[in-house]
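Chemist: Below is the sequence, then the predicted model.
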Amino acid sequence: MDRKYELTKNNRLIPMIMMAIGLAAIVMGFLTDKSRTWASLLTNDFYFTAISLCGTFFVALQYVAQAGWAVGIKRIPEAMGGFLKFGVAGIILIFILGHHELYHWTHAELYDHSSPEFDAIMNGKRGFLNIPFFLVRLIGYFVIWVGFTYMLRKQSLLEDAEGGLVHYRKSVPLAAVFVVLFAITTSTGAWDILMSIDAHWFSTLFGWFMFAGLFVSGLSMICLIILYLKLKGYLEHVNNNHLHDMGKYMFAFCIFWTYLWFSQFMLIWYANLPEEVIYFQVRWENFRTLWVINLLVNFCAPFLILMSRDAKRRNSILWVSGIVILGGQWLNVYLMVIPGVVGEDWHLGFIELGTMVGFLGFFLWTTLQELSKASLVPKNHPMLTESLHHHI
Amino acid sequence: MSGLHEAVVRDPLILGKKDYHQMTEDICRPIEGKANKYWWASFIVAFVAMLWGFTCLAYTIGTGIGTWGLNKTVGWGWGITNFVWWIGIGHAGTLISAILLLFRQRWRMSINRSAEAMTIFAVICAGIFPLFHTGRPWLDYWMLPLANQFGSIWVNFNSPLLWDVFAISTYFTVSLVFWYLGLLPDIATVRDRCITPTKRFIYGLLAFGWKGTARDWHRFEEVSLVLSGLSAPLVLSVHTIVSFDFATAILPGWHTTIFPPYFVSGAIFSGFAMVLTLLIIARKVLGLESYITVQHIELMNKIIILTGSIVGIAYLTEFFMAWYSGNKFESYAFMNRAFGPYWWAYWTMMTCNVITPQLFWIKKIRTSIMATFIISIFVNIGMWFERFVIIVTSLHRDFLPTSWVMYHPTFVEVGLLIGTIGLFFTLFLIFSRVFPVIALAELKSILKKTGNQYKKKGV
């Protein structure tokens, strides 16, 4: 029961190589195409931060909902929180250094009445979209997300060491407060980090749409890490019933993602107001293939692959669908960032994919490090027996 | 997961010293005995209200829609407000029977039967408004895509109002079948306990020849699985399509992308409030406190906090985006909502939907039956006002200031609302005397896992 994950040589070497590839891509990017590189950095840093944040959200959700089945896999989403501080710090850094390339609204001439570039709409948004306030919000996200990740993890580790119900009882209100703050900050965070790239455009659903994508990518990552650990002979207590539940979660939230995608798209397309429809117009004109692939990969593929009960209980199928969904959701973030920053002259090449590999390496490195620090089973969790005897 | 391994931190869902026989006795008692004076008193009130509603309906049909307070600017008023309110109330039943089933929430078993019944009655109440607002309800079949020989005009498939026709009829059909299917084993139980031959004959017909054999149960479970698969998307689709009625328009205050999930959440919110209002009374009157426990109420209150907070975030998001968009019509629509002539409706909505449910963060309040009852009524009122605010404040000041008006409902519209409330309670009261209000067969399946006395042995 006390078994810890032991880092192998490859666990250090492979992420290192991946990070080296990422670094090479970034360096190459800055030498060739600056705005593409900033966009690629933001896409990838945001994506893996979202996955990491989903780890904490998943843990909190289980406490709030009093779910017992997931206790046996709890250490994995917990460990995913290890990347969070680097991820959010990265977003802040990217904003400070790259805001001129990334965010049109940071250009001072837009607010200068005498300038030909003066933009009345942007001037109207200035109370919200200005550099100091934006930075304050980013720092706020850092404090809330990283703080609660740390506190929940701390209670969990203390529970291992000391036992008793006291740490469980402390975690529940922590989790409840986090879920509320998470609901607010993921919405505002999505407006800030992604929606403000297309600074004129707005959509009330955007924050929730981003949340759906974040959740489904996080779930897929949790599922893939479980499968990896099982492949290496860990997590004997996790069986097909737990994986079945992960599969159900992925299936359900792919549909939920599509539901929100459709709601946003359909209403904007139907009303056909110029200031709103431009967002899809740009994507349809310049990114048509990727735009269609986005739907196929994030909806059709998981919907058809994961529909049956048997599929959700087969490791090989879960591997495939996890990777497909993670790829698909990466593309979804890509399509939210690139059109507003790079525009028509986009490329999907070594800069973007190499950076993605680099960030994935960084994410895996921090997650595995974190995973090796504590037992894989939260042995004193009061609901552990339910998870060990989970059968559906 | 086996009950023997249930965590110590979980409280029992069935209180008292119950065995299978005692459960049958407890749950069948309200059907088999005579109705008490509380039942009759509430029935008479509800019935009179219903009759008043029918009178107003007859007046509407006989004279026309001109009897309503609508005018050229405000073409949608109480009618659609009531429609959306009732459709929303139905959502708790579907959520409990489909989504909570997927999430393996055992506590749903004590409340699903009455919540599903509520769904059906609420959809009946809701249906009255679109069916009769046409003015000539005898031509309502024109809403169906029928060939021109029937005298109808081909329907407009581009209109969300037509999607509503399909969404709601599907919703009603699936909910009704699902509810009735669940009732079969329980009707058979009632049949087998009947003393008089007439009653036995009627319940025998209603039970569809249920024998309780392994084959019966096997088929029952297969069909239940298919129907819950159909119900799960319905939780989202019905109110999504209702929200499209507004959001596909380009009217400021209506056209906003957050509407679909926000309407669904609001629907579940109001549905649970109505479930609480009804069950808090029903558990007392029917003596079901051991099955619908304070824990059940607390859990429902948690869903109220969740959905209420989602609705609250949606209100604020809309308000923020109205400003952020830089669209002055959109900003005006929202400022007019909050500070214009209908400010009282807006702040009633805000108080009832956003502020009062937050009191449930306090454990003392969410486990207090009286407080829950009061707050659940607040939420019912707040959710009615939400629809009123969305509909009337967006319409009454349109793009041309010369046509700005106020909207005043007539006694007919008020009568229709009162009438549907009467109809709803009449149907529910009859239901509580005719069918078991708790899914008996289903609840028995968890007695030995989470019943008070068994649980203590297991730990």
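Modeler: All right, it came through fine. Residues are numbered from 1 along each chain as shown, chains lettered A, B, ... in the order given.

Chemist: show me where pLDDT drops low in the chain?
Modeler: In the absence of a named chain, chain A is used. With pLDDT under 70 as the threshold, chain A has low-confidence stretches at A:1.

Chemist: other chain: chain B
Modeler: Ranges of chain B meeting pLDDT under 70: B:1-4, B:456-459.

Chemist: tell me which element the residue nearest the centre of chain A falls in.
Modeler: With distances taken as Cα atoms, centre = their mean, the residue of chain A nearest its centroid is A:Ala50 (2.3 Å). Using DSSP states H and E, A:Ala50 sits within helix A:34-64.

Chemist: which other helices and strands contact that helix?
Modeler: helix A:9-32, helix A:75-80, helix A:84-102, helix A:131-162, helix A:166-189, helix A:206-231, helix A:315-341, helix A:350-371 (3 or more Cβ pairs under 8 Å, 6 or more residues apart in numbering or on different chains; DSSP states H and E). Any C-beta I mention is one placed from the backbone N, CA and C, and that applies to glycine too.

Chemist: Next, the buried residues of that helix.
Modeler: The neighbour-count check on helix A:34-64 (16 or more other Cβ atoms under 10 Å in any protein chain shown) flags A:35-64 as buried.

Chemist: Ramachandran angles for the residue lying farthest from the centre of chain B?
Modeler: Here the centre of chain B is the reference, and by Cα atoms, centre = their mean the most remote residue is B:Thr402, at 39.4 Å. Backbone torsions of B:Thr402, given as degrees, to the nearest 10, read phi -70, psi -20.

Chemist: if I look at it, how far off is chain A?
Modeler: 25 Å (Cβ to the nearest Cβ, to the nearest Å).

Chemist: where does the residue nearest to B:Ile258 when sequence neighbours are not counted fall, phi/psi-wise?
Modeler: Nearest residue to B:Ile258, sequence neighbours excluded (Cβ to Cβ, 6 or more residues apart in numbering or on different chains): A:Thr204, at 3.6 Å. The phi and psi values for A:Thr204, taken as degrees, to the nearest 10, are phi -60, psi -30.

Chemist: and A:Thr204, what is it in contact with?
Modeler: Residues near A:Thr204 by Cβ atoms under 8 Å, 6 or more residues apart in numbering or on different chains: B:256-258, B:314, B:317-318, B:321.

Chemist: Of the helices and strands packed on helix A:34-64, which stretch is the most buried?
Modeler: Across these, the average number of neighbours (mean count of other Cβ atoms under 10 Å in any protein chain shown) peaks for helix A:75-80, which reaches a mean of 26.

Chemist: shouldn't A:Ile268 be in contact with A:Arg283?
Modeler: No - between A:Ile268 and A:Arg283 there is no contact under Cβ atoms under 8 Å: 11.4 Å.

Chemist: These two: who's more crowded?
Modeler: Taking neighbours as other Cβ atoms under 10 Å in any protein chain shown, A:Ile268 and A:Arg283 compare with A:Ile268 leading, 23 against 18.

Chemist: show me what contacts that one?
Modeler: A:Ile268 neighbours (Cβ under 8 Å, 6+ apart): A:203, A:276-277, A:279-280, B:257.

Chemist: what would those residues look like in CSV with secondary structure?
Modeler: Converted to CSV, those look like this (DSSP: H, G, I helix; E, B strand; the rest coil):
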residue, secondary structure
A:Ser203, coil
A:Glu276, helix
A:Val277, helix
A:Tyr279, helix
A:Phe280, helix
B:Thr257, coil
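
Chemist: Which one (most neighbours) among these?
Modeler: For these, counting by other Cβ under 10 Å, the largest number of neighbours falls to B:Thr257: 25 neighbours.

Chemist: Please tell me how far that residue sits from chain A.
Modeler: For B:Thr257, the distance to chain A - Cβ to the nearest Cβ - is 4 Å.

Chemist: what sits against the nearest residue to B:Gly451 once chain neighbours are set aside?
Modeler: Residue nearest to B:Gly451 in three dimensions, not counting chain neighbours: B:Ile14, with 4.4 Å by Cβ to Cβ, 6+ apart. Shown in contact with B:Ile14 (Cβ under 8 Å, 6+ apart): B:23, B:290-291, B:293, B:443, B:446-447, B:450-452.

Chemist: Between those, which sits nearest chain A?
Modeler: Proximity of the contacts of B:Ile14 to chain A (Cβ to the nearest Cβ) peaks at B:Thr450, which lies at 12.2 Å.

Chemist: Please list all residues in contact with the nearest residue to the closest one once chain neighbours are set aside.
Modeler: Excluding its sequence neighbours, the residue lying closest to B:Thr450 (Cβ to Cβ, 6+ apart) is B:Leu13, at 4.4 Å. B:Leu13 makes contact with B:106-107, B:109-110, B:293, B:295-296, B:446, B:450-451, according to Cβ under 8 Å, 6+ apart.

Chemist: do A:Val166 as well
Modeler: By Cβ under 8 Å, 6+ apart, the contact set of A:Val166 is empty.

Chemist: Over to the one 3 residues further on?
Modeler: With contacts defined as Cβ under 8 Å, 6+ apart, A:Arg169 is in contact with no residue.

Chemist: At the contact with chain A, which residues of the stretch 51-200 of chain B appear?
Modeler: Residues of the stretch 51-200 of chain B lying near chain A by Cβ under 8 Å from any Cβ of the partner chain: B:102-104.

Chemist: can you do 10 Å?
Modeler: Counting by Cβ under 10 Å from any Cβ of the partner chain, the stretch 51-200 of chain B comes close to chain A at B:99, B:102-105, B:158, B:160.

Chemist: In JSON lines, list those residues along with neighbour count and secondary structure.
Modeler: As requested, these are exported to JSON lines (neighbours: other Cβ atoms under 10 Å in any protein chain shown; DSSP: H, G, I helix; E, B strand; the rest coil):
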{"residue": "B:Ile99", "neighbour count": "18", "secondary structure": "helix"}
{"residue": "B:Leu102", "neighbour count": "13", "secondary structure": "helix"}
{"residue": "B:Phe103", "neighbour count": "12", "secondary structure": "coil"}
{"residue": "B:Arg104", "neighbour count": "13", "secondary structure": "coil"}
{"residue": "B:Gln105", "neighbour count": "16", "secondary structure": "coil"}
{"residue": "B:Asn158", "neighbour count": "9", "secondary structure": "coil"}
{"residue": "B:Pro160", "neighbour count": "19", "secondary structure": "helix"}
